[in-house]
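# Quick one: sequence plus predicted model below, questions after.
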Amino acid sequence: MSPQTSNDPLVHVIDHPLVQHKLTLMRQKDASTNSFRTLLNELAMLMAYEVTRDMPMQDVEIETPLETMTARVIDGKKLVLVSILRAGTGILDGMLTVVPGARVGHIGLYRDPKTLKAVEYYFKMPKDMQERDVVVVDPMLATGNSAVAAIDRVKATKPKSIKFVCLLTCPEGIATLRKAHPDVAIYTAAIDRQLNDHGYILPGLGDAGDRIFGTQ
């Protein structure tokens, strides 16, 4: 199945061959916990290149072995990677490999199995969020309820900008997040067909948290 595209300019499907290849390996039900975790880390690193493409840069003066020059660097400390616990940790680790200077925030949410609504149990952000760009990470944008709840809380800290990054999503999840937060760009490796009655993405890859931590 080739990844669906989106006509929404704020929904970015990262269809690079390496991203799609690793996602296909992760989808397979016989992928081991170690393999799934390794692939997720690698895929998150690859996605980070696209997500950070428009990061602001500044000029600094350096010395090469031959002469002095002005060159550009990013200020990783202005970036905050916000992980939606627990599954967001898998994407967080990969992105920190690419931008090790980034600050990290955590939001603890679990999905009520009856209502499918997000319930918060933890929230911790860096200081001075008004000066920072935020990337919220969670492997799955399914019902969209957790993403909306997380971004509600992040927006209350008044950051400069917010992006949302996931491995997989579906039309229902995109619609929910876009309705609640039309200004937040979504980055994903694939837009799958639909949700099932239990709020899981089809064809999907199962429960990302269980597969990352081997708790299935």
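It's in. Numbering: from 1, shown residues only.
# Give me the phi and psi angles of the spatially closest residue to residue 169 that is not a sequence neighbour.
Excluding the flanking residues, the one nearest residue 169 by CB to CB, 6 or more residues apart in numbering is residue 141, at 3.8 Å. No exception for glycine: its C-beta is placed from N, CA and C like everyone else's. Note on residue 141: backbone dihedrals following degrees, to the nearest 10 are phi -110, psi 90.
# measure residue 141 to residue 84 for me?
Going from residue 141 to residue 84 by CB to CB, to the nearest Å gives 10 Å.
# Extract the CA atoms of the longest helix seen in the chain and return them as CSV.
Longest helix in the chain, counting residues (DSSP state H): helix 33-51. Output of helix 33-51 as CSV, limited to C-alpha atoms (Å, rounded to 0.1, in the frame of the first residue of the first chain):
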residue,chain,number,x,y,z
THR,A,33,10.6,-5.9,20.3
ASN,A,34,14.3,-5.1,19.8
SER,A,35,13.8,-4.8,16.0
PHE,A,36,10.7,-2.6,16.4
ARG,A,37,12.5,-0.3,18.9
THR,A,38,15.6,0.0,16.7
LEU,A,39,13.6,0.7,13.6
LEU,A,40,11.6,3.4,15.4
ASN,A,41,14.7,5.1,16.6
GLU,A,42,16.2,5.1,13.0
LEU,A,43,12.9,6.3,11.5
ALA,A,44,12.6,9.1,14.0
MET,A,45,16.1,10.3,13.1
LEU,A,46,15.1,10.3,9.4
MET,A,47,11.9,12.2,10.1
ALA,A,48,13.7,14.7,12.2
TYR,A,49,15.5,16.0,9.1
GLU,A,50,12.2,17.1,7.5
VAL,A,51,10.6,18.3,10.7
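# residues in contact with that helix?
Applying CB atoms under 8 Å, 6 or more residues apart in numbering, the contact partners of helix 33-51 are 12, 14, 16, 18-19, 22-23, 25-26, 31, 90-95, 97-99, 135, 137, 139, 163, 165, 167, 187, 189, 208, 211-214.
# So the residue of the chain most remote from its centre, which state does it fall into?
Computed with CA atoms, centre = their mean, the residue of the chain farthest from its C-alpha average is residue 66, at 40.6 Å. Taken by DSSP: H, G, I helix; E, B strand; the rest coil, the conformation at residue 66 corresponds to coil.
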